[in-house]
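K.L.:
Take a look and give me a structure for this.
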Amino acid sequence: MTPTSAPRRSVPRRAERAFARGIARVTGSALGPYQTAVIRIGFSFTWLAFLLREWPHRHELYGPDGPWSWDMARRLIDENGALTALIWSDGRLWFEAVYFFAIAAGVLLLLGWRTRATSVLFMTGVLSLQNRSIFVGDGGDNVIHLMAIYLVLTRCGQVWSLDARRRARTGDGGGDRGGIVLWAVLGAVLLLATASDRLSAGWQAVYWGLWVAQGVHGAVRRRVCGTGLPMPGDTSAPSVPGQRGPADATPARTAPALTASAGAALTEPAPAERTTMQQAGAAGTGAGAAAGTSPREVRPERTVSREAATVLEAVTNLVHNGALLVIMAEVCLIYATAGWYKVQGTRWQDGTALYYPMHLNYFSPWPELSGVLAGSGVLVMLITYGTVIVQVAFPFTLFNRGVKNVLLVLMMAEHLAIAFALGLPFFSLAMIAADAVFLPTGFLRWVGGRAARLRELRPARSAGEAVRSDGGRPDRTLVG
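P.N.:
The predicted model follows:
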């Protein structure tokens, strides 16, 4: 063997190991739990606030009093096959029911209650209203439309949700009767909609696919948890937001079995990796002993259930991480296209584009403020050029974390200014929620920790006020 042959052979081995680590990372855990939670909270809050704000005008926007009549909407839906429950009936009572359903779905998703099911209900509510009147809305509504679909594919309830609190309190076992009842009820509703031919063939396949996938996932999870073994890749959230828990663990720790299988299939493990696998095997041995069986006497059905759970967990994590990647790519595409289209406009080239909307009554909720801003030519030029530069440059700054965070702050500040100066609050909230996918995990965990400490201070402060309510002496009760 020549001295140069060893390095040449080591290059494929390093590439194989890097590929194995990449596969283990995208299948071993659901990445970005805090980012997906912020997206869930941000878009559900934006949609909920919009529906409540437009409550007095709901009939003109999406109802029977709108300029886009029910007959025209039905003909369009028959051609493009879009999803909207408002086309099932033209009655006012049905419209009120669908509108209230959209509000309820937004509240449930905001709280993080049964996010796997409520994300589908949220998508149904968003599409039902927006597809009823396609000419009503702006760019923010388009972003909500897309993100409502992407959220269905994410595990957006890992942290900062009622689901996370329930898992932290009761564990992720198989005795979730509420989830079984909800799954059965939604299946009955879906069966009724299918039997009455309310859904197109494509949407029937989507809904039934999601329903069956959730049922299989829940059945396997209950099967594994019933054997006394822990679920592979358990992502139970910490009981206190900001506190490190299984959801924050590295992929190698959350799914050691999958990591080991991927590494063994592609390349021989390194000594350090072999030690990790041995530790994982020892942990599995301990789990088997705790379940009342020796390592050599593991029942075949338990092994099959464990392998099926591992595969389903890997597929679920892969779908989640793929959807998260699509969300990030969508945000970059929005800013890139907006920036490059602005570059081609003459008003943006000469630095006067911001001057004109400030003289329109529709975009001037504060005429005095608009007059002050438009009165400074230098300020108008700086904001116009700065907007183009930030939007064009942002996708390229993702490779530098520091520069990316600076531009992220600038873009969020820009959207806050648009909400206040131009009177577009819901568009700005939707874009800020989309930008939040790039927020650093450390910052989000710090925010969660601060919020948790504030909640802990409230009961203590209330107890202190109760002690001081009687001249500094504790309040007396009938038992002393």
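
K.L.:
For the rest of this, base every contact and every neighbour count on C-alpha atoms.
P.N.:
OK.

K.L.:
Show the average pLDDT along the helix or strand encompassing residue 430.
P.N.:
Mapping residue 430 onto the secondary structure by DSSP states H and E places it in helix 425-435. Per-residue pLDDT over helix 425-435 has a mean of 96.

K.L.:
What of stretch 190-199?
P.N.:
The average pLDDT for stretch 190-199 rounds to 94.

K.L.:
contacts for that stretch?
P.N.:
When contacts are defined by CA atoms under 8 Å, 6 or more residues apart in numbering, stretch 190-199 is touched by residues 83, 88, 204, 207, 208.

K.L.:
Closest one of these to residue 108?
P.N.:
When the contacts of stretch 190-199 are ranked by distance to residue 108 (CA to CA), residue 207 comes first, at 19.3 Å.

K.L.:
pretty sure that closest one belongs to a helix, no?
P.N.:
Yes: checked against DSSP: H, G, I helix; E, B strand; the rest coil, residue 207 lies within a helix.

K.L.:
Grab the nearest non-local neighbour of it.
P.N.:
Nearest-residue entry for residue 207: residue 190, 7.6 Å, with adjacent residues in sequence omitted and distances by CA to CA, 6 or more residues apart in numbering.

K.L.:
For the one you found, I want the exact helix or strand it lies within.
P.N.:
Applying DSSP H and E as the criterion places residue 190 in helix 177-195.

K.L.:
in that helix, what's buried?
P.N.:
Of the residues in helix 177-195, 179, 183, 187, 190, 194 count as buried by neighbour count, 16 or more other CA atoms under 10 Å.

K.L.:
Closest to residue 213 out of those residues?
P.N.:
Each of those was scored against residue 213 by CA to CA, and residue 183 proved nearest at 11.1 Å.

K.L.:
Please report how far that closest one lies from residue 176.
P.N.:
Distance, residue 183 to residue 176, by CA to CA, to the nearest Å: 11 Å.

K.L.:
can you give me the helices in the stretch 351-480 of the chain?
P.N.:
Under the criterion DSSP state H, counting those that start in this stretch, helices of the stretch 351-480 of the chain are mapped to 367-374, 377-393, 401-421, 425-435, 441-467.

K.L.:
Which residue is the nearest non-sequential neighbour of the most centrally placed residue in the chain?
P.N.:
Most central in the chain under CA atoms, centre = their mean is residue 36, positioned 3.4 Å from the mean C-alpha point. Residue nearest to residue 36 in three dimensions, not counting chain neighbours: residue 156, with 5.0 Å by CA to CA, 6+ apart.

K.L.:
can you confirm the residue nearest to the centre of the chain is in a strand?
P.N.:
No: applying three-state DSSP, one finds residue 36 to be helix, outside a strand.

K.L.:
residues contacting it?
P.N.:
Under the contact definition (CA under 8 Å, 6+ apart), the residues listed for residue 36 are 154, 155, 156, 157, 324, 437.

K.L.:
okay, residue 276: pLDDT?
P.N.:
Looking at residue 276, its pLDDT reads 41.

K.L.:
same question but for residue 14, I mixed them up
P.N.:
85.

K.L.:
Distance-wise, check it relative to residue 27.
P.N.:
If you go by CA to CA, the gap between residue 14 and residue 27 works out to 20 Å.

K.L.:
Looking only at neighbour counts, state which of those two leads.
P.N.:
A direct count of neighbours by other CA atoms under 10 Å for residue 14 and residue 27 places residue 27 higher, at 28 against 12.

K.L.:
isn't that one right next to residue 317, touching?
P.N.:
Yes: using CA atoms under 8 Å as the test, residue 27 is close enough to residue 317 to be in contact (5.3 Å).

K.L.:
Can you give me the neighbour number for the nearest residue to residue 331 once chain neighbours are set aside?
P.N.:
With CA to CA, 6+ apart as the measure, residue 434 is the residue that lies nearest to residue 331, at 6.6 Å, once sequence neighbours are left out. Taking other CA under 10 Å as the neighbour definition, residue 434 ends up with a count of 24.

K.L.:
Count the neighbours of residue 359 for me.
P.N.:
Using other CA under 10 Å, residue 359 is surrounded by 14 other residues.

K.L.:
Use 483 as the first number from now on
P.N.:
Renumbered: residue one is now 483, and that last one reads residue 841.

K.L.:
can you pull the contacts of the closest residue to it other than its chain neighbours?
P.N.:
Nearest non-adjacent residue to residue 841, counting by CA to CA, 6+ apart: residue 852, 7.4 Å away. Counting by CA under 8 Å, 6+ apart, residue 852 touches 840, 841, 846, 903.

K.L.:
hmm, which two among these are most spread apart?
P.N.:
For those, and using CA to CA, no pair is farther apart than 841 and 903, which are 11.6 Å apart.

K.L.:
quick one: secondary structure of residue 636?
P.N.:
When classified by three-state DSSP, residue 636 comes out as coil.

K.L.:
any idea how far it is from residue 861?
P.N.:
42 Å.

K.L.:
Next: residue 552.
P.N.:
Distance of residue 552 to residue 861, given as CA to CA: 47 Å.

K.L.:
what about these two, which has more around it?
P.N.:
More crowded of residue 552 and residue 861, by other CA under 10 Å: residue 552, with 21 against 15.

K.L.:
Return the residues in contact with the more buried one.
P.N.:
Taking CA under 8 Å, 6+ apart as the criterion, residue 552 is in contact with 546, 569, 572.

K.L.:
Closest to residue 705 out of those residues?
P.N.:
Top of the list for closeness to residue 705, among these and by CA to CA, is residue 569 at 40.9 Å.

K.L.:
got the angle for the helix holding residue 912 vs helix 883-903?
P.N.:
Using axes from the mean of the first three to the mean of the last three CA atoms, to 10 degrees, one finds that helix 907-917 and helix 883-903 are set 170 degrees apart in direction.

K.L.:
contacts for helix 907-917?
P.N.:
Counting by CA under 8 Å, 6+ apart, helix 907-917 makes contact with 520-521, 524-525, 528, 532, 620-623, 625-626, 809, 813, 890, 894, 897-898, 900-901, all of which sit outside it.

K.L.:
Run the chain-centre distance for the longest helix seen in the chain.
P.N.:
Using DSSP state H, we find that the single longest helix of the chain is helix 782-826. What separates the centre of helix 782-826 from the centre of its chain is 11 Å, taken as CA atoms, centre = their mean, to the nearest Å.

K.L.:
Send over whichever helix or strand comes after that helix as PDB, restricted to the C-alpha atoms.
P.N.:
Using DSSP H and E, the next helix or strand after helix 782-826 towards the C-terminus is helix 828-831. Listed in PDB are the C-alpha atoms of helix 828-831, where the atom choice follows Å, rounded to 0.1, in the frame of the first residue of the first chain:
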ATOM      1  CA  THR A 828     -38.100  52.900 -11.600                       C
ATOM      2  CA  ARG A 829     -39.600  54.300  -8.400                       C
ATOM      3  CA  TRP A 830     -37.500  52.000  -6.300                       C
ATOM      4  CA  GLN A 831     -34.400  52.800  -8.400                       C
END
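
K.L.:
for helix 828-831, packing partners?
P.N.:
With contacts defined as 3 or more CA pairs under 8 Å, 6 or more residues apart in numbering; DSSP states H and E, helix 828-831 has these neighbours: helix 782-826, helix 859-875.
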